[in-house]
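> Have a look at this prediction, sequence included:
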Amino acid sequence: MDILIRILIGSWATLQMMAPYLLLGFLLSGILSVVLPVSLVKRHLSRKGKTSVCKSALMGVPLPLCSCGVLPVATWIRRHGASKGSTGAFLLSTPQTGVDEFMVALGMLGLGFAIFTPAAALVSGVILGLILNLFRDDPVVEEEEEISDAPKSPVLVRIFRHGFVTIAGDIAIPLSIGIFMSGLLSAFVDPNSFAEIGDGLIAKLIVVAAATPLYVCATASVPIGASMLVAGLSPGTVFVFLMAGPATNAATFTTISKLLGKREALTYLVSAIVLAVLMGYALDFLVPVLPEIKAVHVHDHCGDSIFPTLAAVLLILTLVMGNVLRNRS
């Protein structure tokens, strides 16, 4: 019973961390469905060429979406004609950074870290996209733009229906399974213990192995990264955690598998792990020529805010409602 309680507590904590970003993702996907023409997405992201992959990765870098918040938007672009390579590039580049993470990293880790993170996100996203372009891109059921003489629903209704019903219903079940798996892992693994393992290749491999299944969003991972840097780990080893944590976790793997395919999801996971280690070595190599990298010792500011709890409850209701309404339609 004690183990079950720990798992449930871990799942709830994961849900609280994910909820605000995932709800934001639903909102953005709904807005995109209204303001971004399907023809534009198809024209820029549907081809297998390098240009589509680069555009997709570049589009994802500034968005303030975590590895779960990116799922609704990635699902939308995939359902509207984006290739597997473009979708994969967006999935990997987006959660690693964002405008919010850049500002936090700038204040806590220094300008060098803040500059390197989005650059690494863009490069790694492009590399993964080009790899996924080698796979057969099976046709998906694409949503077409409405062509009807009947008056359209109000804009807010269309945003809500697409983001919080169609997309939420699509990912509700696999995401729920992933949340439970992530809670299972987070109940027994403490990310802060990473600072005790030393440095070098072994340290990087241990960090990436431990960080991969955990849910740690980009912004929330920065304070942990700062404590690891203070503990003496190299900037590159810290970056491995900052990349692998947000870019890969158990809560998203099942959804990516449904979106792109099982082999593609495994390729995504392996590529993200390898790229995290390589980017870590790249940062260690570039430290002498980058602006100052420093760590600010921080404290936990989560407190007892009611906002994460309200967001988690709202997310549960959204997933249940979206799944029920989606199945009825």
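Received, thanks.
> how distant is the lengthiest helix in the chain from the center of its chain?
For the chain, the helix that runs over the most residues, judged by DSSP state H, is helix 2-35. On the basis of C-alpha atoms, centre = their mean, to the nearest Å, helix 2-35 sits 11 Å off its chain's mean C-alpha point.
> what's near enough to touch G85?
G85 is in contact with K48, S52, V53, S56, G129, L130, I131, L132, N133, D137, counting by C-beta atoms under 8 Å, 6 or more residues apart in numbering. Every residue, glycine included, has its C-beta placed from N, CA and C.
> Burial check on the third one, number of neighbours?
Look at V53: counted by other C-beta atoms under 10 Å, it has 29 neighbours.
> host element of it?
V53 belongs to helix 50-60 when assigned by DSSP states H and E.
> Least confident of the contacts of G85?
Taking pLDDT as the measure, the contacts of G85 have their low point at K48 (70).
> Not counting its neighbours along the chain, what's nearest that one?
Spatial nearest neighbour of K48, excluding adjacent residues (C-beta to C-beta, 6 or more residues apart in numbering): N133 at 4.6 Å.
> looking at it, R326 is touching I167, isn't it?
No. Under the criterion of C-beta atoms under 8 Å, R326 makes no contact with I167, lying 9.1 Å away.
> List the buried residues of stretch 106-122.
Along stretch 106-122, these residues count as buried under the neighbour rule (16 or more other C-beta atoms under 10 Å): 106, 108-110, 112-118, 120-122.
> mind checking pLDDT for A218?
71.
> Please give me every residue in contact with it.
Here A218 is in contact with C66, P95, Q96, T97, G98, E101, L242, P246 (C-beta under 8 Å, 6+ apart).
> Check which helices and strands the helix holding V53 is in contact with.
Judged by 3 or more C-beta pairs under 8 Å, 6 or more residues apart in numbering; DSSP states H and E, the packing partners of helix 50-60 are helix 38-45, helix 84-96, helix 111-132.
> Same list, these, but as TSV with distance to A203 please.
Listed next are those as TSV, based on distance: least, C-beta to C-beta, whole Å:
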stretch	distance to A203
helix 38-45	37
helix 84-96	20
helix 111-132	18
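> can you tell which of the ones you listed is closest to G60?
helix 84-96 (3.4 Å; C-beta to C-beta).
> Give the next helix or strand downstream of that closest one.
Later in the chain than helix 84-96, the nearest helix or strand by DSSP H and E is helix 99-109.
> send the alpha carbons of stretch 247-263 over as PDB?
Extracted in PDB, the C-alpha atoms of stretch 247-263 (Å, rounded to 0.1, in the frame of the first residue of the first chain):
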ATOM      1  CA  ALA A 247      13.100  16.100 -24.500                       C
ATOM      2  CA  THR A 248      12.400  12.600 -23.400                       C
ATOM      3  CA  ASN A 249      10.200  11.000 -20.800                       C
ATOM      4  CA  ALA A 250       7.800   8.200 -20.200                       C
ATOM      5  CA  ALA A 251       4.800  10.500 -20.300                       C
ATOM      6  CA  THR A 252       5.400  11.300 -24.000                       C
ATOM      7  CA  PHE A 253       6.900   8.100 -25.500                       C
ATOM      8  CA  THR A 254       3.600   6.300 -25.900                       C
ATOM      9  CA  THR A 255       2.000   9.300 -27.600                       C
ATOM     10  CA  ILE A 256       4.900   9.800 -30.000                       C
ATOM     11  CA  SER A 257       4.600   6.100 -30.900                       C
ATOM     12  CA  LYS A 258       1.000   6.600 -31.800                       C
ATOM     13  CA  LEU A 259       1.800   9.800 -33.700                       C
ATOM     14  CA  LEU A 260       4.800   8.600 -35.800                       C
ATOM     15  CA  GLY A 261       5.000   4.800 -35.300                       C
ATOM     16  CA  LYS A 262       6.800   2.500 -33.000                       C
ATOM     17  CA  ARG A 263      10.100   2.300 -34.900                       C
END
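> Buried residues of that stretch, list them for me.
The neighbour-count check on stretch 247-263 (16+ other C-beta under 10 Å) flags 247-257, 259-261 as buried.
> Kindly provide the distance from S86 to K48.
According to C-beta to C-beta, to the nearest Å, S86 stands 9 Å off from K48.
> the more surrounded of the two?
Remark: of S86 and K48, S86 carries more neighbours, 33 against 18, as counted by other C-beta under 10 Å.
> Contact partners for K294?
Neighbouring residues of K294 by C-beta under 8 Å, 6+ apart: L109, G110, L229.
> Tabulate those (TSV), appending distance to A13 and pLDDT.
As requested, the contacts of K294 are exported to TSV (distance: C-beta to C-beta, whole Å; pLDDT from 0 to 100):
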residue	distance to A13	pLDDT
L109	24	84
G110	29	85
L229	24	81
